[in-house]
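> Here is a sequence together with a model predicted from it:
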Amino acid sequence: KVNKMKVYCCFSLYNLYIAVAKAMVQNEKIDLVIGSQMPDYKNKIETIKSLDFINDIYVFDSVDYKNIKYKNTFDKIVNRKNYENKYINTKLKIDWTKYKDNIFLFNDFEILGWYFVNNQIRYHLIEDGLNFFKYFNKYYQVNKVDYDINSLKVRLKNKLNIGHRAFGTNQYVIDIEVNDKNGLAIDRENIIEIPRKGINDKLTLQQKKLIYGIFCKQKIINNNCNKTLLLCTQPLSEDGQLQNLEQQMQIYEDIIKEYTGMGYTITIKPHPRDKVDYSNLCEKYNCLYIDKYIPTEVLNYDDSVFYDLALSITTTAIETLEFVRERKYLGFEFLGRYK
């Protein structure tokens with residue numbers, strides 16, 4: 001049985017992976033909206049457009065809105081909503097009314113989320129990354145007054161229907177889907193828990209092979225050494241955690257140097273948005289490398305992959321990995337040394 005048409009609005013490879021997996025498990029025929037900030041999105045569209053459960057794919061420039069020009073501060077305050085609406089209406093030709101309450105959005109803290117609020121369009125919010133709502137406030141340094149639904153600032157904005165109300169704080173959010181309800185930074189009555197592992201476990205072997213084929217174009221090279229480590233990087237500079245890419249490179253070289261000194265053979269798995277070129281580090285420290293455009297979770301579908309230790313600074317991508325003996329987070333404290 002095919003369910004009512006849904007549209008998933010995706011901005012990362014992880015978003016796309018979850019949307020495709022959900023469609024498979026729930027036997028849905030879906031539409032996709034893909035923002036251009038998704039790395040390697042053109043190649044991924046070529047791969048998925050022939051899948052029988054993918055209907056229409058809409059692509060729009062989800063980045064250039066940052067270059068919207070305002071005449072002055074007054075113009076920005078008074079006309080910002082109109083500028084944002086015009087931007088989306090120009091870039092994205094889609095009839096939202098046909099989906100009714102079947103719009104699923106992974107990220108409402110950028111322009112498409114603002115557009116939905118500006119136009120009073122109801123949507124389901126899915127956390128942008130695994131356990132995103134447990135750590136987003138620390139990682140992006142968001143003030144509680146901006147994501148606390150009971151704060152005077154948010155209540156006034158909702159009452160007057162003005163301004164951006166992201167992270168599920170506005171009245172048009174039908175529900176917020178999270179992997180795990182425990183330890184959330186947000187407090188909402190409309191939170192629903194749908195564990196990612198539950199979705200993964202419901203996939204058939206054939207479906208897993210299909211997903212693997214979408215994202216993995218080359219065989220993963222695994223090293224059968226005594227001690228193996230998978231290092232999952234983060235776009236620390238891109239996300240404003242560090243000043244520049246050179247500083248980010250230094251952090252990861254320090255980590256690699258320390259753990260190779262402990263006898264580990266390291267495989268680097270960059271985040272899809274990571275702009276650092278790690279080829280010199282791979283050569284210098286004899287590291288292996290995994291294509292950054294593969295969502296880390298998809299590696300679970302390769303039986304030949306195994307590591308003794310998965311290491312990250314704060315990214316929760318390593319949480320779902322089934323092919324590691326141990327997981328370790330260096331934490332925000334480690335990052336603080338370089339700020």
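Right, received. Where do you want to start?
> Every contact and neighbour count from this point should use C-alpha atoms.
Noted.
> For the lowest-mean-pLDDT helix or strand in the chain, which outside residues touch it?
Least confident helix or strand of the chain, by mean pLDDT, DSSP states H and E, is helix 331-336 with a mean of 86. Residues outside helix 331-336 that contact it (CA atoms under 8 Å, 6 or more residues apart in numbering): 313-314.
> Quick check: R122 touching I103?
Yes. Counting by CA atoms under 8 Å, R122 does reach I103; the two are 7.4 Å apart.
> Could I get the full set of strands for the stretch 101-250 of the chain?
Using DSSP state E, counting those that start in this stretch, the strands found in the stretch 101-250 of the chain span residues 103-105, 123-126, 173-178, 191-193, 228-232.
> And the last one, what's buried?
For strand 228-232, the neighbour count (16 or more other CA atoms under 10 Å) marks 228-232 as buried.
> want to throw the strands of the stretch 101-250 of the chain into TSV with mean pLDDT?
Output for these, formatted as TSV (pLDDT from 0 to 100):
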stretch	mean pLDDT
strand 103-105	98
strand 123-126	98
strand 173-178	98
strand 191-193	98
strand 228-232	96
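> Please tabulate these in a markdown table, including the columns distance to F334.
Below are those laid out as a markdown table (distance: least, CA to CA, whole Å):
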| stretch | distance to F334 |
| --- | --- |
| strand 103-105 | 32 |
| strand 123-126 | 29 |
| strand 173-178 | 27 |
| strand 191-193 | 30 |
| strand 228-232 | 15 |
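> residues touching N161, list them.
Contact analysis of N161 by CA under 8 Å, 6+ apart lists N118.
> now the one 10 residues further on
With CA under 8 Å, 6+ apart as the criterion, the residues that contact Q171 are N158.
> From Y123, how far off is it?
As judged by CA to CA, to the nearest Å, Q171 and Y123 stand 10 Å apart.
> picking that back up, CA atoms only for the least confident helix or strand of the chain, dumped as PDB, please.
As requested, the backbone C-alpha atoms of helix 331-336 are provided in PDB (Å, rounded to 0.1, in the frame of the first residue of the first chain):
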ATOM      1  CA  GLY A 331      34.300  17.100  23.700                       C
ATOM      2  CA  PHE A 332      33.900  20.800  23.700                       C
ATOM      3  CA  GLU A 333      36.600  21.100  26.300                       C
ATOM      4  CA  PHE A 334      39.200  19.800  23.800                       C
ATOM      5  CA  LEU A 335      37.900  22.200  21.200                       C
ATOM      6  CA  GLY A 336      38.200  25.100  23.700                       C
END
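> Now do the buried residues in that helix.
Using 16+ other CA under 10 Å as the test for burial, helix 331-336 gives L335.
> next one: stretch 52-64
Using 16+ other CA under 10 Å as the test for burial, stretch 52-64 gives 53-54, 57-60, 62.
> neighbouring contacts of it?
Defining contact as CA under 8 Å, 6+ apart, one finds that stretch 52-64 is touched by 23-24, 28-37, 48-49, 91-94, 111-112.
> who does the strand or helix carrying E283 touch, helix- and strand-wise?
Here E283 sits within helix 279-285, counting by DSSP states H and E. Contacts defined by 3 or more CA pairs under 8 Å, 6 or more residues apart in numbering; DSSP states H and E place helix 279-285 against helix 245-261.
> Show me the shaky parts of this protein.
By pLDDT under 70, the low-scoring segments of the chain are 1-3, 223-224.
> all helices for it, in order.
If DSSP state H is used as the criterion, the helices of the chain fall at 13-26, 41-48, 73-91, 111-118, 132-139, 144-147, 152-160, 196-202, 205-215, 245-261, 279-285, 331-336.
> Give the buried residues for the fifth one.
What that stands for is helix 132-139. Buried residues in helix 132-139, counted by 16+ other CA under 10 Å: 132-137, 139.
> And the third one, by the same measure?
Within helix 73-91, the residues that qualify as buried by neighbour count (16+ other CA under 10 Å) are 80-81, 83-85, 87-88.
> Any chance you could list what contacts it?
60-61, 65, 68, 70, 111-112, 114-115, 118, 163.
> before we move on, what about the fifth one?
For helix 132-139, the external contacting residues (CA under 8 Å, 6+ apart) are 127, 142-144, 178, 183-186, 241.
> Same check on stretch 104-119?
6-11, 15, 62, 65, 81, 84-85, 88, 122-128, 161-162, 164-168, 170, 172.
> And for stretch 192-208?
21-22, 24-25, 130, 175-181, 301, 320.
> Widest-spaced pair of those?
Greatest spacing in the contacts of stretch 192-208, by CA to CA: D175 and Y301 (30.1 Å).
> rewinding a little: would a markdown table of the buried residues of helix 132-139 with distance to V305 be doable?
Listed next are the buried residues of helix 132-139 as a markdown table, based on distance: CA to CA, whole Å:
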| residue | distance to V305 |
| --- | --- |
| F132 | 26 |
| F133 | 29 |
| K134 | 29 |
| Y135 | 28 |
| F136 | 30 |
| N137 | 33 |
| Y139 | 30 |
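> how long is stretch 227-241 end to end?
Start and end residues of stretch 227-241 are separated by 30 Å (CA to CA).
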